[in-house]
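> Would you be able to build a 3D model of this:
(2 chains)
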Amino acid sequence: MNPNLKRLRRSMMFLNCQKPSLIKDPYVYKPDSIMLDLEDAVAEKEKDAARYSLFHALREIDYRGVERVVRINGLDTDLWREDIRCSVAGGCDAIRIPKTETPEDVRRVEEAVEAAEEEFHVEKGRTLIMAALESARGVMNAFDICKASPRLFGIALSGGDYTKDLQTTISGTGVELMGARQHMIIAARAAGVQCFDTVYTNLNDMEGFRRDVETIHMMGFDGKSIINPRQIPIVHEIFTPKPKDIIFAEKVVREIDTKKAQGIGVFTVDGKMIDIAFYDGAKRTLALARASGVYKGDL
Amino acid sequence: MEIKKAAVAGTLESSDCMVTVEPGEGEITLDLDSAVIRQYGKQIRKVIGETLKRLDVTSAKVTVVDKGALDCTIKARVECAVYRSADVRDGLPWGGVIV
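Residues are numbered from 1 along each chain as shown, chains lettered A, B, ... in the order given. As a prediction, the model looks like this:
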(Lines give C-alpha, C1' and ligand atoms only; values in the text may rest on other atoms or scores of the structure.)
Protein backbone atom coordinates (compact mmCIF):
# COMPACT_ATOMS: atom_id res chain seq x y z
CA MET A 1 0.00 0.00 0.00
CA ASN A 2 1.24 3.50 -0.84
CA PRO A 3 2.25 5.09 2.53
CA ASN A 4 1.02 8.49 1.32
CA LEU A 5 -2.63 7.42 1.04
CA LYS A 6 -3.35 8.83 4.52
CA ARG A 7 -0.82 11.66 4.69
CA LEU A 8 -1.64 15.03 6.25
CA ARG A 9 -3.65 17.20 3.85
CA ARG A 10 -5.10 20.11 5.82
CA SER A 11 -4.40 22.67 3.10
CA MET A 12 -4.39 21.97 -0.65
CA MET A 13 -3.41 25.10 -2.57
CA PHE A 14 -4.32 25.62 -6.24
CA LEU A 15 -1.57 27.02 -8.48
CA ASN A 16 -1.88 27.92 -12.15
CA CYS A 17 0.72 26.04 -14.23
CA GLN A 18 0.50 28.78 -16.86
CA LYS A 19 2.31 31.16 -14.47
CA PRO A 20 5.97 30.34 -13.74
CA SER A 21 6.00 32.89 -10.92
CA LEU A 22 3.33 30.92 -9.06
CA ILE A 23 4.83 27.45 -9.31
CA LYS A 24 8.49 28.25 -8.65
CA ASP A 25 8.44 28.46 -4.84
CA PRO A 26 5.01 27.87 -3.19
CA TYR A 27 6.69 25.72 -0.53
CA VAL A 28 7.69 28.91 1.32
CA TYR A 29 4.06 29.18 2.48
CA LYS A 30 4.13 25.61 3.83
CA PRO A 31 0.86 24.18 2.48
CA ASP A 32 0.48 20.44 2.99
CA SER A 33 -0.27 19.93 -0.72
CA ILE A 34 -0.20 22.00 -3.88
CA MET A 35 -2.59 21.38 -6.76
CA LEU A 36 -0.80 22.27 -9.98
CA ASP A 37 -3.61 23.21 -12.30
CA LEU A 38 -3.74 22.31 -15.98
CA GLU A 39 -7.50 22.77 -16.14
CA ASP A 40 -9.69 25.81 -15.56
CA ALA A 41 -6.97 28.31 -14.67
CA VAL A 42 -5.09 27.68 -17.91
CA ALA A 43 -6.22 29.48 -21.07
CA GLU A 44 -7.24 27.14 -23.88
CA LYS A 45 -4.39 28.23 -26.17
CA GLU A 46 -1.82 27.78 -23.41
CA LYS A 47 -2.68 24.19 -22.43
CA ASP A 48 0.45 22.86 -24.14
CA ALA A 49 2.71 25.51 -22.62
CA ALA A 50 1.42 24.74 -19.12
CA ARG A 51 2.47 21.10 -19.52
CA TYR A 52 6.12 21.92 -20.32
CA SER A 53 6.25 24.23 -17.30
CA LEU A 54 4.67 21.56 -15.13
CA PHE A 55 7.04 18.84 -16.27
CA HIS A 56 10.20 20.84 -15.59
CA ALA A 57 8.87 22.20 -12.30
CA LEU A 58 8.15 18.66 -11.12
CA ARG A 59 11.57 17.47 -12.22
CA GLU A 60 13.72 20.39 -11.10
CA ILE A 61 12.11 22.30 -8.23
CA ASP A 62 12.57 20.94 -4.71
CA TYR A 63 9.13 21.40 -3.16
CA ARG A 64 10.53 20.40 0.24
CA GLY A 65 8.08 17.66 1.12
CA VAL A 66 4.95 19.47 -0.06
CA GLU A 67 2.72 16.98 -1.90
CA ARG A 68 2.40 17.73 -5.64
CA VAL A 69 -1.04 16.97 -7.03
CA VAL A 70 -1.83 17.76 -10.68
CA ARG A 71 -5.35 18.74 -11.71
CA ILE A 72 -5.73 17.38 -15.22
CA ASN A 73 -8.23 18.50 -17.83
CA GLY A 74 -11.66 16.88 -17.90
CA LEU A 75 -12.30 13.44 -19.32
CA ASP A 76 -14.58 15.08 -21.89
CA THR A 77 -11.56 16.78 -23.52
CA ASP A 78 -8.76 15.47 -25.75
CA LEU A 79 -6.18 16.82 -23.28
CA TRP A 80 -6.33 14.60 -20.20
CA ARG A 81 -4.35 11.61 -21.47
CA GLU A 82 -1.32 13.75 -22.41
CA ASP A 83 -1.74 15.61 -19.09
CA ILE A 84 -1.33 12.27 -17.30
CA ARG A 85 1.70 11.24 -19.40
CA CYS A 86 3.39 14.56 -18.63
CA SER A 87 2.52 14.48 -14.91
CA VAL A 88 3.57 10.89 -14.29
CA ALA A 89 6.79 11.32 -16.29
CA GLY A 90 7.54 14.41 -14.20
CA GLY A 91 7.04 12.41 -11.01
CA CYS A 92 3.90 13.99 -9.54
CA ASP A 93 2.50 12.49 -6.35
CA ALA A 94 -1.15 12.42 -7.40
CA ILE A 95 -3.66 13.21 -10.14
CA ARG A 96 -6.84 15.15 -9.38
CA ILE A 97 -9.73 14.22 -11.67
CA PRO A 98 -12.10 17.12 -12.29
CA LYS A 99 -15.85 16.69 -12.75
CA THR A 100 -15.88 13.06 -11.60
CA GLU A 101 -19.34 11.59 -11.97
CA THR A 102 -18.95 7.81 -11.90
CA PRO A 103 -16.56 5.09 -10.69
CA GLU A 104 -15.80 4.44 -14.38
CA ASP A 105 -14.25 7.92 -14.59
CA VAL A 106 -11.80 6.94 -11.85
CA ARG A 107 -11.01 3.64 -13.51
CA ARG A 108 -10.28 5.33 -16.87
CA VAL A 109 -7.78 7.60 -15.16
CA GLU A 110 -6.34 4.68 -13.18
CA GLU A 111 -5.68 2.79 -16.43
CA ALA A 112 -3.98 5.81 -18.01
CA VAL A 113 -1.86 6.35 -14.89
CA GLU A 114 -0.80 2.69 -14.85
CA ALA A 115 0.15 2.88 -18.52
CA ALA A 116 2.17 6.05 -17.92
CA GLU A 117 3.96 4.54 -14.93
CA GLU A 118 4.98 1.63 -17.12
CA GLU A 119 5.99 3.86 -20.05
CA PHE A 120 8.15 6.16 -17.92
CA HIS A 121 9.49 3.50 -15.53
CA VAL A 122 7.82 5.00 -12.49
CA GLU A 123 7.30 2.63 -9.56
CA LYS A 124 3.90 0.96 -9.99
CA GLY A 125 1.34 2.40 -7.58
CA ARG A 126 3.40 5.50 -6.76
CA THR A 127 0.92 7.92 -8.35
CA LEU A 128 -2.22 8.42 -6.29
CA ILE A 129 -5.61 9.72 -7.45
CA MET A 130 -8.20 12.06 -5.98
CA ALA A 131 -11.62 12.80 -7.41
CA ALA A 132 -13.34 16.18 -7.48
CA LEU A 133 -17.13 15.97 -7.37
CA GLU A 134 -18.69 18.93 -9.14
CA SER A 135 -22.25 17.87 -9.93
CA ALA A 136 -25.33 16.44 -8.27
CA ARG A 137 -24.69 13.15 -10.06
CA GLY A 138 -21.11 13.02 -8.82
CA VAL A 139 -22.17 13.70 -5.24
CA MET A 140 -24.89 11.03 -5.44
CA ASN A 141 -22.25 8.51 -6.62
CA ALA A 142 -19.73 9.53 -3.96
CA PHE A 143 -19.43 6.17 -2.19
CA ASP A 144 -18.93 4.17 -5.42
CA ILE A 145 -16.37 6.73 -6.59
CA CYS A 146 -14.51 6.41 -3.28
CA LYS A 147 -14.31 2.62 -3.74
CA ALA A 148 -13.32 2.72 -7.43
CA SER A 149 -9.54 2.41 -7.08
CA PRO A 150 -6.98 1.47 -4.42
CA ARG A 151 -5.01 4.52 -5.61
CA LEU A 152 -7.81 6.91 -4.66
CA PHE A 153 -6.91 8.76 -1.46
CA GLY A 154 -9.88 11.08 -1.28
CA ILE A 155 -12.70 13.10 -2.77
CA ALA A 156 -13.11 16.86 -2.91
CA LEU A 157 -16.16 19.02 -3.29
CA SER A 158 -15.96 21.65 -6.02
CA GLY A 159 -18.58 24.14 -4.95
CA GLY A 160 -18.73 26.47 -7.95
CA ASP A 161 -19.81 23.92 -10.55
CA TYR A 162 -21.83 21.94 -7.99
CA THR A 163 -24.00 24.93 -7.06
CA LYS A 164 -24.49 25.74 -10.74
CA ASP A 165 -25.73 22.19 -11.24
CA LEU A 166 -28.08 22.62 -8.26
CA GLN A 167 -29.35 25.82 -9.90
CA THR A 168 -28.31 27.99 -6.98
CA THR A 169 -25.28 30.15 -6.10
CA ILE A 170 -22.57 30.34 -3.45
CA SER A 171 -24.10 32.45 -0.68
CA GLY A 172 -21.23 32.56 1.79
CA THR A 173 -23.42 30.92 4.44
CA GLY A 174 -22.75 27.33 3.32
CA VAL A 175 -26.48 26.49 3.23
CA GLU A 176 -26.35 25.48 -0.43
CA LEU A 177 -23.40 23.12 0.27
CA MET A 178 -24.78 21.44 3.39
CA GLY A 179 -26.23 18.37 1.72
CA ALA A 180 -23.20 17.64 -0.45
CA ARG A 181 -20.77 18.17 2.40
CA GLN A 182 -22.68 15.85 4.72
CA HIS A 183 -23.17 13.19 2.07
CA MET A 184 -19.54 13.28 0.93
CA ILE A 185 -17.98 13.04 4.37
CA ILE A 186 -20.21 10.08 5.22
CA ALA A 187 -19.36 8.37 1.93
CA ALA A 188 -15.64 9.00 2.37
CA ARG A 189 -15.60 7.68 5.93
CA ALA A 190 -17.62 4.62 4.94
CA ALA A 191 -15.07 3.91 2.20
CA GLY A 192 -12.05 4.73 4.35
CA VAL A 193 -10.73 7.63 2.26
CA GLN A 194 -10.18 11.32 2.95
CA CYS A 195 -12.57 14.18 2.21
CA PHE A 196 -11.76 17.77 1.27
CA ASP A 197 -13.87 20.88 1.09
CA THR A 198 -14.25 23.39 -1.70
CA VAL A 199 -12.45 26.73 -2.03
CA TYR A 200 -13.59 29.96 -0.35
CA THR A 201 -13.16 32.61 -3.01
CA ASN A 202 -13.81 35.89 -1.14
CA LEU A 203 -10.33 36.90 -0.02
CA ASN A 204 -11.69 40.10 1.53
CA ASP A 205 -13.75 38.15 4.06
CA MET A 206 -11.26 36.31 6.22
CA GLU A 207 -13.77 36.06 9.10
CA GLY A 208 -16.21 34.30 6.78
CA PHE A 209 -13.38 32.04 5.68
CA ARG A 210 -12.58 31.17 9.29
CA ARG A 211 -16.22 30.29 10.01
CA ASP A 212 -16.30 28.14 6.88
CA VAL A 213 -13.16 26.23 7.94
CA GLU A 214 -14.48 25.78 11.48
CA THR A 215 -17.70 24.33 10.06
CA ILE A 216 -16.04 21.77 7.81
CA HIS A 217 -13.58 20.85 10.56
CA MET A 218 -16.50 20.11 12.87
CA MET A 219 -18.13 18.06 10.13
CA GLY A 220 -15.11 15.78 9.95
CA PHE A 221 -13.36 16.92 6.76
CA ASP A 222 -9.62 16.26 6.43
CA GLY A 223 -8.79 19.60 4.83
CA LYS A 224 -9.73 22.41 2.51
CA SER A 225 -8.85 23.51 -1.00
CA ILE A 226 -7.39 27.00 -0.93
CA ILE A 227 -6.56 29.68 -3.47
CA ASN A 228 -4.26 32.06 -1.57
CA PRO A 229 -1.36 31.64 0.88
CA ARG A 230 -3.14 33.97 3.33
CA GLN A 231 -5.66 31.20 3.94
CA ILE A 232 -3.07 28.61 5.01
CA PRO A 233 -2.38 29.73 8.63
CA ILE A 234 -6.11 29.80 9.44
CA VAL A 235 -6.68 26.29 8.07
CA HIS A 236 -3.66 24.90 9.90
CA GLU A 237 -4.62 26.59 13.15
CA ILE A 238 -8.12 25.10 13.06
CA PHE A 239 -7.07 21.63 11.88
CA THR A 240 -4.10 21.20 14.24
CA PRO A 241 -5.02 19.70 17.64
CA LYS A 242 -4.72 22.15 20.55
CA PRO A 243 -2.36 21.36 23.47
CA LYS A 244 -5.31 20.61 25.80
CA ASP A 245 -6.74 18.15 23.25
CA ILE A 246 -3.38 16.41 22.92
CA ILE A 247 -2.95 16.11 26.69
CA PHE A 248 -6.49 14.74 27.05
CA ALA A 249 -5.99 12.27 24.17
CA GLU A 250 -2.77 11.01 25.78
CA LYS A 251 -4.59 10.49 29.09
CA VAL A 252 -7.44 8.64 27.37
CA VAL A 253 -5.10 6.27 25.52
CA ARG A 254 -2.97 5.55 28.60
CA GLU A 255 -6.00 5.08 30.89
CA ILE A 256 -7.82 2.78 28.45
CA ASP A 257 -4.66 0.65 28.05
CA THR A 258 -4.22 0.48 31.85
CA LYS A 259 -7.87 -0.11 32.75
CA LYS A 260 -8.26 -2.73 30.05
CA ALA A 261 -5.48 -4.75 31.66
CA GLN A 262 -7.30 -4.40 34.99
CA GLY A 263 -10.60 -5.57 33.50
CA ILE A 264 -12.29 -2.15 33.90
CA GLY A 265 -14.44 -1.01 30.94
CA VAL A 266 -15.84 2.36 31.99
CA PHE A 267 -14.11 5.08 34.04
CA THR A 268 -13.59 8.86 34.08
CA VAL A 269 -10.77 11.08 32.81
CA ASP A 270 -10.87 14.75 33.93
CA GLY A 271 -14.49 14.23 34.95
CA LYS A 272 -15.60 12.80 31.63
CA MET A 273 -16.93 9.28 31.18
CA ILE A 274 -14.57 7.25 28.99
CA ASP A 275 -14.81 3.77 27.49
CA ILE A 276 -13.22 1.89 24.59
CA ALA A 277 -15.30 3.88 22.06
CA PHE A 278 -13.02 6.88 22.72
CA TYR A 279 -9.82 5.00 21.91
CA ASP A 280 -9.67 5.38 18.12
CA GLY A 281 -10.60 9.07 18.29
CA ALA A 282 -7.86 9.77 20.82
CA LYS A 283 -5.33 7.86 18.72
CA ARG A 284 -6.40 9.89 15.66
CA THR A 285 -5.91 13.15 17.54
CA LEU A 286 -2.37 12.11 18.47
CA ALA A 287 -1.58 10.95 14.93
CA LEU A 288 -2.84 14.25 13.50
CA ALA A 289 -0.86 16.20 16.11
CA ARG A 290 2.27 14.22 15.26
CA ALA A 291 1.81 14.75 11.51
CA SER A 292 1.24 18.46 12.17
CA GLY A 293 4.53 18.64 14.08
CA VAL A 294 3.07 19.52 17.49
CA TYR A 295 3.38 16.14 19.24
CA LYS A 296 6.60 14.26 19.88
CA GLY A 297 5.24 11.70 22.35
CA ASP A 298 5.39 7.94 22.07
CA LEU A 299 1.67 7.03 21.79
CA MET B 1 13.62 18.78 -35.58
CA GLU B 2 12.95 21.26 -38.34
CA ILE B 3 11.58 24.72 -37.58
CA LYS B 4 8.94 24.90 -40.26
CA LYS B 5 7.21 28.11 -39.27
CA ALA B 6 7.45 30.89 -36.70
CA ALA B 7 6.14 30.07 -33.22
CA VAL B 8 6.08 31.86 -29.88
CA ALA B 9 5.86 30.65 -26.28
CA GLY B 10 5.92 32.45 -22.95
CA THR B 11 5.10 35.92 -21.73
CA LEU B 12 6.82 39.11 -20.60
CA GLU B 13 5.63 38.65 -17.01
CA SER B 14 8.10 38.49 -14.15
CA SER B 15 9.85 35.09 -13.76
CA ASP B 16 8.95 34.20 -17.37
CA CYS B 17 10.52 34.62 -20.78
CA MET B 18 9.16 34.93 -24.29
CA VAL B 19 10.76 32.67 -26.87
CA THR B 20 10.26 33.09 -30.62
CA VAL B 21 11.60 30.56 -33.11
CA GLU B 22 11.66 31.11 -36.86
CA PRO B 23 13.10 29.10 -39.75
CA GLY B 24 16.86 29.63 -39.96
CA GLU B 25 19.45 29.64 -42.69
CA GLY B 26 21.49 26.58 -41.78
CA GLU B 27 22.61 27.69 -38.33
CA ILE B 28 21.30 28.80 -34.95
CA THR B 29 21.23 32.54 -34.35
CA LEU B 30 20.21 33.76 -30.90
CA ASP B 31 19.07 37.25 -29.99
CA LEU B 32 18.85 37.48 -26.19
CA ASP B 33 17.46 40.37 -24.17
CA SER B 34 17.53 40.07 -20.38
CA ALA B 35 17.57 42.44 -17.44
CA VAL B 36 20.12 40.13 -15.83
CA ILE B 37 22.23 39.54 -18.92
CA ARG B 38 25.45 40.64 -17.21
CA GLN B 39 25.03 38.18 -14.34
CA TYR B 40 23.28 35.30 -16.08
CA GLY B 41 23.59 35.86 -19.84
CA LYS B 42 26.11 33.05 -20.25
CA GLN B 43 23.96 30.58 -18.32
CA ILE B 44 20.78 31.54 -20.20
CA ARG B 45 22.54 31.06 -23.55
CA LYS B 46 23.84 27.70 -22.35
CA VAL B 47 20.36 26.47 -21.35
CA ILE B 48 18.84 27.61 -24.66
CA GLY B 49 21.67 26.03 -26.65
CA GLU B 50 21.50 22.71 -24.80
CA THR B 51 17.72 22.54 -25.16
CA LEU B 52 17.86 23.18 -28.93
CA LYS B 53 20.60 20.57 -29.26
CA ARG B 54 18.53 17.95 -27.42
CA LEU B 55 15.62 18.71 -29.73
CA ASP B 56 17.98 18.34 -32.70
CA VAL B 57 17.29 21.85 -33.95
CA THR B 58 20.23 22.87 -36.12
CA SER B 59 18.78 25.75 -38.08
CA ALA B 60 16.69 28.47 -36.46
CA LYS B 61 16.46 32.14 -35.67
CA VAL B 62 15.74 32.32 -31.95
CA THR B 63 14.70 35.44 -30.06
CA VAL B 64 14.43 35.37 -26.27
CA VAL B 65 13.23 38.16 -24.02
CA ASP B 66 13.93 37.11 -20.46
CA LYS B 67 12.21 38.52 -17.39
CA GLY B 68 14.12 36.61 -14.73
CA ALA B 69 13.03 33.08 -15.65
CA LEU B 70 14.50 30.05 -13.91
CA ASP B 71 16.38 27.53 -16.05
CA CYS B 72 13.41 25.17 -15.94
CA THR B 73 11.13 27.89 -17.33
CA ILE B 74 13.58 28.76 -20.13
CA LYS B 75 13.72 25.10 -21.14
CA ALA B 76 9.91 24.82 -21.01
CA ARG B 77 9.42 27.89 -23.22
CA VAL B 78 12.04 26.86 -25.80
CA GLU B 79 10.54 23.35 -26.05
CA CYS B 80 7.02 24.72 -26.34
CA ALA B 81 7.98 27.12 -29.14
CA VAL B 82 9.83 24.40 -31.06
CA TYR B 83 7.01 21.85 -30.79
CA ARG B 84 4.45 24.51 -31.71
CA SER B 85 6.45 25.29 -34.84
CA ALA B 86 6.19 21.59 -35.73
CA ASP B 87 2.50 21.38 -34.77
CA VAL B 88 3.22 18.54 -32.33
CA ARG B 89 0.94 18.53 -29.27
CA ASP B 90 0.55 14.90 -28.21
CA GLY B 91 2.71 11.84 -27.62
CA LEU B 92 5.59 14.05 -26.52
CA PRO B 93 8.90 12.47 -25.43
CA TRP B 94 8.66 13.37 -21.73
CA GLY B 95 11.83 12.22 -20.02
CA GLY B 96 13.42 11.62 -23.45
CA VAL B 97 14.59 14.73 -25.28
CA ILE B 98 12.31 16.71 -22.99
CA VAL B 99 14.27 16.36 -19.81
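> In chain B, what residue spans correspond to helices?
With DSSP state H as the definition, chain B shows helices at residue ranges B:37-54, B:71-85.
> What parts of chain B come near chain A?
Taking C-beta under 8 Å from any C-beta of the partner chain, the part of chain B that reaches chain A is made up of B:9-10, B:13-16, B:69-73, B:75-77, B:79-80, B:83-84, B:89-92, B:94-95, B:98-99. Where C-beta positions appear, they are placed from N, C-alpha and C, glycine not excepted.
> got the helices of chain B as CSV, with mean pLDDT columns?
Supplementary listing: those in CSV, determined by pLDDT from 0 to 100:
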stretch, mean pLDDT
helix B:37-54, 97
helix B:71-85, 98
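> And the residues of chain B next to chain A, which of them are buried?
Of all these considered here, the ones buried according to neighbour count by 16 or more other C-beta atoms under 10 Å in any protein chain shown are B:9-10, B:15-16, B:69-73, B:75-77, B:79-80, B:83-84, B:92, B:94-95, B:98.
> Which residue would you name as the spatial centre of chain B?
For chain B, the residue sitting closest to the mean C-alpha position, by C-alpha atoms, centre = their mean, is B:Val78 at 2.3 Å.
> okay, now B:Gly41: neighbour count?
Around B:Gly41 there are 14 other residues, counting by other C-beta atoms under 10 Å in any protein chain shown.
> again, but for A:Glu176
Around A:Glu176 there are 16 other residues, counting by other C-beta under 10 Å.
> Same check on A:Val113?
The local packing count at A:Val113 equals 27, with neighbours defined by other C-beta under 10 Å.
> again with the one 5 residues further on
Neighbouring residues of A:Glu118 were enumerated by other C-beta under 10 Å; the total is 11.
> ok, for it, nearest residue in space, not its chain neighbours?
Computed as C-beta to C-beta, 6 or more residues apart in numbering or on different chains, the closest residue to A:Glu118 that is not its neighbour in sequence is A:Lys124, at 7.4 Å.
> how far away is the one you found from chain B?
Using C-beta to the nearest C-beta, to the nearest Å, we find A:Lys124 at a distance of 16 Å from chain B.
> What strand or helix carries that residue?
Using DSSP states H and E, A:Lys124 falls within no helix or strand.
> isn't it right up against A:Ala116?
No: if you go by C-beta atoms under 8 Å, A:Lys124 and A:Ala116 don't touch, sitting 10.8 Å apart.
> which one of those two has more residues nearby?
Remark: of A:Lys124 and A:Ala116, A:Ala116 carries more neighbours, 21 against 10, as counted by other C-beta under 10 Å.
> Helix, strand or coil: sort out the more buried one for me.
Per DSSP: H, G, I helix; E, B strand; the rest coil, the secondary structure class of A:Ala116 is helix.
> got the contact list for it?
When contacts are counted by C-beta atoms under 8 Å, 6 or more residues apart in numbering or on different chains, A:Ala116 is found next to A:Ile84, A:Arg85, A:Ser87, A:Val88, A:Ala89, A:Val122, A:Thr127.
> Tell me the predicted confidence for A:Val139.
The confidence metric pLDDT takes the value 98 at A:Val139.
> same check, this time on A:Asp298
Turning to A:Asp298, the model gives it a pLDDT of 89.
> likewise A:Lys283?
On pLDDT, A:Lys283 comes in at 93.
> Outside of the strand or helix carrying it itself, list whatever touches it.
Using DSSP H and E, the element containing A:Lys283 is helix A:279-291. Outside helix A:279-291, the residues that touch it by C-beta under 8 Å, 6+ apart are A:7-8, A:239-241, A:245-246, A:248-250, A:252-253, A:256, A:295-297, A:299.
> Please find the angle between the direction vectors of the longest helix along chain A and helix A:279-291.
As assigned by DSSP H, the longest helix anywhere in chain A is helix A:243-261. Taking axes from the mean of the first three to the mean of the last three C-alpha atoms, to 10 degrees, helix A:243-261 and helix A:279-291 form an angle of 140 degrees between their directions.
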